[in-house]
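Student: Just a sequence and a predicted model for now, questions to come.
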There are 2 protein chains.
Amino acid sequence: MTLNGHSLIAGEAIAGTSGTSFGIDPSTNAKLEPEYTLVSEDQLKVATEAAAAAFESFSTLEPERHARFLESIAANVEALGEELVERASAETGLGAERLRGERARTVNQLRLFAAVVRRGDFRGVRIDPAQPEHTPLPRADIRLRQVPLGPVAVFGASNFPLAFSVAGGDTASALAAGCPVVVKAHNAHPGTSELVGQAVVRAVRENDLHPGVFSLVYGAGTSIGQALVADPAIKAVGFTGSRAGGVALMRTAAARREPIPVYAEMSSINPVFVLPGALGGDVETLARQYLASVTGSSGQLCTSPGLLFVPAGDDGDRLAEAVAAALPGQPGQTMLTPGIASSWQEGFSALEAVADVELLARGQAGPTENAPAPAVFGADVETFTANPVLHEEVFGAASVIVRYKGAEDLAAAARTLEGQLTASVWLADDGDLATAAALLPVLEGKVGRIIVNGWPTGVEVGHAMVHGGPFPATSDSRTTSVGTLAINRFLRPVSYQNVPQELLPAPLQDANPWHVNRLVDGAAENG
Amino acid sequence: MTLNGHSLIAGEAIAGTSGTSFGIDPSTNAKLEPEYTLVSEDQLKVATEAAAAAFESFSTLEPERHARFLESIAANVEALGEELVERASAETGLGAERLRGERARTVNQLRLFAAVVRRGDFRGVRIDPAQPEHTPLPRADIRLRQVPLGPVAVFGASNFPLAFSVAGGDTASALAAGCPVVVKAHNAHPGTSELVGQAVVRAVRENDLHPGVFSLVYGAGTSIGQALVADPAIKAVGFTGSRAGGVALMRTAAARREPIPVYAEMSSINPVFVLPGALGGDVETLARQYLASVTGSSGQLCTSPGLLFVPAGDDGDRLAEAVAAALPGQPGQTMLTPGIASSWQEGFSALEAVADVELLARGQAGPTENAPAPAVFGADVETFTANPVLHEEVFGAASVIVRYKGAEDLAAAARTLEGQLTASVWLADDGDLATAAALLPVLEGKVGRIIVNGWPTGVEVGHAMVHGGPFPATSDSRTTSVGTLAINRFLRPVSYQNVPQELLPAPLQDANPWHVNRLVDGAAENG
């Protein structure tokens, strides 16, 4: 595949007229060819207007053709082969194995949404039949379905160059809902983005869809991103990234003449609560698993555990000692960008500067300039609750072990947490169960996913997954950005009252030609 | 029932310390006893803190008890008898028949939500069973349910003193979701609010619930409303009222440290498109029905038709003439408040002042100071598209008949509309069907409900109703404020990964003790 270094706007490679940028290999800090041209606001407008023009035909696509389009994207991404893995690895410092796994997740996700489109439950069809004898007035025939919101802006994430980027979860769920997508490429992996973008453009062409269904734009820093969110043609936004970045997009979206929803997945420290009974077993294994979860992908996962609550006293000491013994041998891995590595360093220094926070253990610096040594700190629960610094995410391999005295201490500490993607509880005996039973209602109010006897990293793409949570974990706790429920983010309900059969959309017609499941007079009816 | 003139905070009548106000009889402009005391921000805090304290027990209520609570409210509102109708009529100028109908809707709505609670579909349970053999990694057991957001602030609406007020749709759906409610009473119907508030408080007591489940506060103008939305204990807002009022609450909610969703139903002019074939029949009946929809409840309905598009030429002239002939005999009805009547007058004058807008017909002024004569204006489609004034809601009995030349004219005019609650199409022959088929996709993007051969007023409370739509009709097009789907506004998903049976919430347990329908591995399973 040839990399052109240009945006892909409604099927055409367009050279941007507002400057250029390069990908950087974070293991060498060297520029990667080719140079990428950046679009102007006028060029961006071509993409959003094409998306608006594509909406009517794409949003009414017959399910089989719609599903095949998603499957074509998956097949085309797979067909990129090792070239995609090599380019992504060069741009992100992530290893080939991790990227092959991420590619599998990306294409499985597209195929899962193809199945969702064929099944049609997301259309949310409800039919209240007419009741001519209803008093005091006859009831009209009323039918409801969910329709797509309109063109969606997607921002590629730095830490998942495939699964949360050009053809990642936001794009897959928006396209499945029937929304054209304009992706703002993440400038840290421009070549990976272009390869995947070309795969999507080919799928649009192979399935004979309106070319405005998909565009990929490269733009300067935040300005083009803000312009994209402010564009009247855009009706919703998917974003994964920093809290500051997400909040800036939320502000722009709320200040529009027509405010639009922003689904920003931002910041989470994913507390893990180890209850006393769980320390009765193999503490060394627990310590190793914890460190694996903290340091995997250099800690650059949304669900990386930044806090480990352990009981004060001997058992807690044993766990902390096991961590302190296991970490020193571990080398740092190259982080995604030089900027992310230096932000990690700032976060590390901020933790180190807090009085009563001690550095429990450090790994070794990795072989490159951007591979800092992983770090684990220790603090008591009073220090944790009193210091906002310990409540902030340090993106990368750093975590704090917090000592608590009893179950009430733990619930009180949990109440001081901001919103999180996950909370995990390790437990073993009846005493732990009682403690957990009291803790769970607090955690439910704080997080999107509760895990027992497991680690938060590793997010299954299924029907029951919630990758979401209260602010600042996300901008909208009512949704998830992973799993099939994510499609709901891009839908809204419309009712049709007394509309004749020949004017009704297919899933609402009596004949139910798309065989969707429907709620008829409040009761489920299979399609 | 004795009216005390005080707020009802967590079950207690509390005299407010920040001034007083009176209800006003809009037919005489006379004050109505008793005087109402207004709460301070500190007193408001008592209500929101009690709501937060009630959340854990109320949000986990067993369905049968939860449903009975809603039914108790309905029974207690009914038991208020004619006293409620008389007080509401005195405070709003609405007639007894209309208020009895509204009361029936209010209690039916509560009972419908009781059935929703018993059925349990809103819990949205999804179970992805463990797959120990799954590759590359074993899949954990993952279960999802929707949980209530937390305490909800509800703002009573002026135009539905029962169905959109203290125990109206927002309160019923929030309570059904498991959210405690703090209602800010509308100052235009304080006595009605207190009567209904007492009925709810009694239901809380009869069902032995935490008193913080419900509070009703009286407060000065907008300041207490803003303080309520800004309060950290509040997690969502339901509002029906003006665009300015709704937008102000949206701004406050977005500027919070933790932004929260606002469901504001605000402003809609509910266009009606009469296609040429529909004028082949009984034009006089059409004209009478139109005027009934425009003038019903003095035009103070969210779905009152503010625009009637009719073809230019003889047939359109006949309809306009029939309207002009029928209106002059019709008296104005007393509007809800003196302020609303004077706003209507301003809207009337603004329309009258637009060049090329003609006053087609007026009714007679009603018998009171606040009963302006209904008005129908006429304009051509170019005047409509060019003048923002014709796109703004005039709350009350005023409407504009817009003449269009052909089908393209109509679709172009529809594209210039802002978001609406409804759009209606009158059609009769094959030519109309073709025109409607082209118009419907445009309307779908603009409105929450599409009606064929009917009028927008009269909103059925069912499973398939959408009372919502794109901004500025509402603040959040993804929802409805009427019908059973309204419960979704107050829920968010939480996943439980590998959580043992004894810690799982009832609807997620293998035994399914609440018999809820569940999605197991993506397929529906009856409870």
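Tutor: Sure, I can see it. In this text, all values refer to a predicted model and were calculated from it rather than measured experimentally.
Student: Count the residues that sit near A:P328.
Tutor: A:P328 is flanked by 12 other residues according to other CB atoms under 10 Å in any protein chain shown. C-beta here means a position set from N, CA and C on the backbone, and glycine is covered the same way.
Student: Tell me who's in contact with it.
Tutor: A:P328 makes contact with A:A361, A:R362, A:G363, A:Q364, according to CB atoms under 8 Å, 6 or more residues apart in numbering or on different chains.
Student: Which two of the residues you listed have the greatest separation?
Tutor: Using CB to CB, the contacts of A:P328 span at most 11.2 Å, a distance reached by A:A361 and A:Q364.
Student: So between the two, which is more surrounded?
Tutor: A:A361 (21 against 15).
Student: Could you measure from that one over to A:R103?
Tutor: Separation of A:A361 from A:R103 (CB to CB, to the nearest Å): 34 Å.
Student: Any part of the lowest-mean-pLDDT helix or strand in chain A near chain B?
Tutor: None of the helices or strands of chain A scores lower by mean pLDDT, DSSP states H and E than strand A:523-525, at a mean of 91. Yes: residues of strand A:523-525 contacting chain B under CB under 8 Å from any CB of the partner chain: A:A524.
Student: which secondary structure elements does that strand contact?
Tutor: Where contact means 3 or more CB pairs under 8 Å, 6 or more residues apart in numbering or on different chains; DSSP states H and E, strand A:523-525 is packed against strand A:518-520.
Student: State the phi and psi torsions of A:Q420.
Tutor: Phi and psi for A:Q420, reported as degrees, to the nearest 10, are phi -130, psi 160.
Student: can I assume it is in contact with A:M266?
Tutor: No: contact criterion CB atoms under 8 Å: A:Q420 and A:M266 do not qualify, at 11.0 Å.
Student: what residues are shared contacts of these two?
Tutor: Contacts common to A:Q420 and A:M266, judged by CB under 8 Å, 6+ apart, are A:A473.
Student: Domain parsing of chain A, as residue ranges.
Tutor: Listed by automatic domain parsing, the domain ranges of chain A are A:9-266+A:481-489, A:271-452.
Student: Out of the ones you listed, which is the most enclosed?
Tutor: Of all the domains of chain A, domain A:9-266+A:481-489 has the most neighbours on average by mean count of other CB atoms under 10 Å in any protein chain shown, namely a mean of 21.
Student: partner residues bridging A:Y496?
Tutor: A:R143, B:I450 (DSSP bridges).
Student: from what I can see it touches A:L144, true?
Tutor: Yes: counting by CB under 8 Å, A:Y496 touches A:L144, with 7.5 Å between them.
Student: Adding mean pLDDT, write the domains of chain A out as a markdown table.
Tutor: Listed next are those as a markdown table, based on pLDDT from 0 to 100:
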| stretch | mean pLDDT |
| --- | --- |
| domain A:9-266+A:481-489 | 97 |
| domain A:271-452 | 96 |
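Student: all helices of the stretch 401-527 of chain A, in order?
Tutor: Secondary structure of the stretch 401-527 of chain A (DSSP state H, counting those that start in this stretch): helices at A:407-415, A:430-444.
Student: Kindly reformat those helices as a markdown table and extend each row with distance to A:I451.
Tutor: Below are the helices of the stretch 401-527 of chain A laid out as a markdown table (distance: least, CB to CB, whole Å):
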| stretch | distance to A:I451 |
| --- | --- |
| helix A:407-415 | 14 |
| helix A:430-444 | 10 |
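Student: in chain A, which spans are helices?
Tutor: Ranges of helices in chain A, per DSSP state H, are A:41-59, A:63-79, A:81-92, A:96-119, A:169-177, A:190-206, A:223-230, A:243-255, A:283-295, A:314-326, A:338-352, A:381-386, A:407-415, A:430-444.
Student: wait, which of the ones you listed is closest to B:N76?
Tutor: B:N76 sits nearest to helix A:430-444 of all the helices of chain A, at 29.7 Å, using CB to CB.
Student: can you list the residues of the stretch 101-250 of chain A near chain B?
Tutor: Residues of the stretch 101-250 of chain A lying close to chain B by CB under 8 Å from any CB are A:101, A:104, A:115, A:119, A:126-128, A:136-137, A:139-140, A:142-144, A:147, A:149-150, A:250.
Student: wait, A:E460 sits on B:R139?
Tutor: Yes: here A:E460 lies in contact with B:R139, judged by CB under 8 Å, at a distance of 5.8 Å.
Student: quick revisit: chain B is nearest to which of the helices of the stretch 401-527 of chain A?
Tutor: helix A:430-444 (5.4 Å; CB to the nearest CB).
Student: A:E83 and B:S481: what is the separation?
Tutor: Counting by CB to CB, the gap from A:E83 to B:S481 is 52 Å.
Student: Give me the nearest residue to A:T17, chain neighbours excluded.
Tutor: Spatially, and ignoring its direct neighbours in sequence, A:T17 is nearest to A:S40 (5.0 Å; CB to CB, 6 or more residues apart in numbering or on different chains).
Student: just checking, that neighbour touches A:G19?
Tutor: No: at 9.3 Å, A:S40 does not count as touching A:G19 under the criterion of CB under 8 Å.
Student: before we move on, the earlier item: shared neighbours of A:E460 and B:R139, anything?
Tutor: By CB under 8 Å, 6+ apart, A:E460 and B:R139 have these common neighbours: B:D128.
Student: So which bits of the stretch 251-400 of chain A are right by chain B?
Tutor: Residues of the stretch 251-400 of chain A lying near chain B (CB under 8 Å from any CB): A:R251, A:A254, A:E258, A:P259, A:P261.
Student: And the furthest pair within those?
Tutor: For those, the maximum inter-member distance is 15.2 Å, found between A:R251 and A:E258 (CB to CB).
Student: contacting residues for A:R139?
Tutor: With CB under 8 Å, 6+ apart, A:R139 has these contacts: A:D128, A:A130, A:Q131, A:P132, B:E460, B:G462.
Student: is it possible to export those to JSON lines including distance to A:R111?
Tutor: Formatted as JSON lines, those follow (distance: CB to CB, whole Å):
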{"residue": "A:D128", "distance to A:R111": "35"}
{"residue": "A:A130", "distance to A:R111": "40"}
{"residue": "A:Q131", "distance to A:R111": "42"}
{"residue": "A:P132", "distance to A:R111": "46"}
{"residue": "B:E460", "distance to A:R111": "40"}
{"residue": "B:G462", "distance to A:R111": "36"}
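Student: any chance of the residues of the stretch 251-400 of chain A next to chain B in a markdown table, plus distance to A:S349?
Tutor: Below are those laid out as a markdown table (distance: CB to CB, whole Å):
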| residue | distance to A:S349 |
| --- | --- |
| A:R251 | 29 |
| A:A254 | 34 |
| A:E258 | 43 |
| A:P259 | 38 |
| A:P261 | 37 |
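Student: What is the nearest of those to A:E56?
Tutor: Of these, the one sitting nearest to A:E56 (CB to CB) turns out to be A:E258, at 18.8 Å.
Student: Looks like the closest one contacts A:I234 (just checking).
Tutor: No: the criterion here is CB under 8 Å, and A:E258 misses it with A:I234 at 10.0 Å.
Student: Can you name the residues that contact the residue nearest to A:T17?
Tutor: Counting by CB under 8 Å, 6+ apart, A:S40 touches A:G16, A:T17, A:S18.
Student: State the distance from the residue of chain A most remote from its centre to A:A523.
Tutor: Taking CA atoms, centre = their mean, the residue of chain A most remote from its mean C-alpha position is A:E133, at 50.0 Å. A:E133 sits 20 Å away from A:A523, going by CB to CB.
Student: The stretch 351-500 of chain A: strands as residue ranges?
Tutor: For the stretch 351-500 of chain A, the strands defined by DSSP state E, counting those that start in this stretch cover A:358-362, A:375-380, A:398-404, A:420-426, A:447-452, A:491-497.
Student: Save these as TSV, and put in distance to A:S342 too.
Tutor: TSV is the format used below for those (distance: least, CB to CB, whole Å):
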stretch	distance to A:S342
strand A:358-362	17
strand A:375-380	15
strand A:398-404	14
strand A:420-426	24
strand A:447-452	29
strand A:491-497	40
